[in-house]
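Enquirer: Fold the following, please.
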Amino acid sequence: MDIKKNLDEIKINIPQRIKLVAVSKTKTTEVILEAYRCGQKVFGENKVQELINKHDQLPDDIEWHFIGHLQSNKVKYIAPFVQMIHAIDSLKILKTVNKEAGKNDRVIPCLLQFHIALESTKFGLSEEEARIILSSEEFKNMKNVTIAGVMGMATFTENTDQIRLEFRKLKDIFCRLKMDFFPDDREFKEISMGMSDDYTVAIEEGSTMVRIGSNLFGKRNEHD
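Expert: Below is the predicted model of the structure:
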């Protein structure tokens with residue numbers, strides 16, 4: 001496994017305007033450090049305890065993103081340092097992030113996760129549910145979170161047309177929410193979509209942030 005070679009190959013396919021989140025879940029600190037020394041500074045984890053352990057052991061200037069399904073009772077552990085939470089899928093979790101960020105005198109950027117795939121196992125909001133959250137007085141009174149954009153995962157399939165349609169759907173949701181809720185908000189700008197198997201399609205459909213694990217660190221048994 002040549003991380004530098006893999007990273008260089010990925011960057012050839014990613015315009016500079018797009019943020020690469022290296023999905024480092026299950027990877028050792030040594031492997032992450034190797035990627036860090038090759039210039040990668042943004043890493044994504046999906047387990048709270050694993051993220052805490054790595055944060056404590058690795059360089060302070062790493063930008064940590066939480067990319068998994070987040071339980072309310074775990075937010076307090078990552079609120080002091082996490083740079084972005086990708087998977088807000090309820091008002092309840094957003095309220096908890098706001099509360100815990102406030103305790104740490106921080107404002108945490110968050111992405112609203114949308115269910116765009118055919119697979120029922122994936123988490124995510126419908127556009128209607130997101131609009132209810134964004135219209136609520138509870139959200140309008142939050143001072144310690146910002147909604148930085150949207151996130152979604154396409155169906156795990158070899159059908160590129162299906163993947164493209166799902167990414168296009170997420171881009172359309174982003175545009176409508178931008179127009180209706182964030183017309184003057186420069187912070188609402190991210191469309192986090194695209195992983196190792198489909199990131200080139202995601203970029204073509206407007207992604208601003210891709211989450212890549214196996215193409216960088218080597219194949220795993222499960223889809224990343």
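Enquirer: Need the three-state assignment for the residue nearest to the spatial centre of the chain.
Expert: Nearest to the geometric centre of the chain sits His86, at 3.4 Å (Cα atoms, centre = their mean). Following DSSP: H, G, I helix; E, B strand; the rest coil, His86 is assigned to strand.
Enquirer: and the gap between it and Asn6?
Expert: In this view, His86 and Asn6 are 22 Å apart by Cβ to Cβ, to the nearest Å. Yep, even glycine has a C-beta here, placed from its N, CA and C like the rest.
Enquirer: which stretches of this protein form helices?
Expert: Using DSSP state H, the helices found in the chain span residues 3-12, 29-37, 48-57, 75-78, 91-103, 127-135, 137-140, 160-181, 199-204, 214-217.
Enquirer: I figured Lys27 hits Ser214, correct?
Expert: No - if you go by Cβ atoms under 8 Å, Lys27 and Ser214 don't touch, sitting 10.7 Å apart.
Enquirer: Have a look at the two and say which one is more surrounded.
Expert: Applying other Cβ atoms under 10 Å to Lys27 and Ser214 shows that Lys27 carries more neighbours, namely 22 against 17.
Enquirer: Which residue is the nearest non-sequential neighbour of that one?
Expert: Phe217 (5.5 Å; Cβ to Cβ, 6 or more residues apart in numbering).
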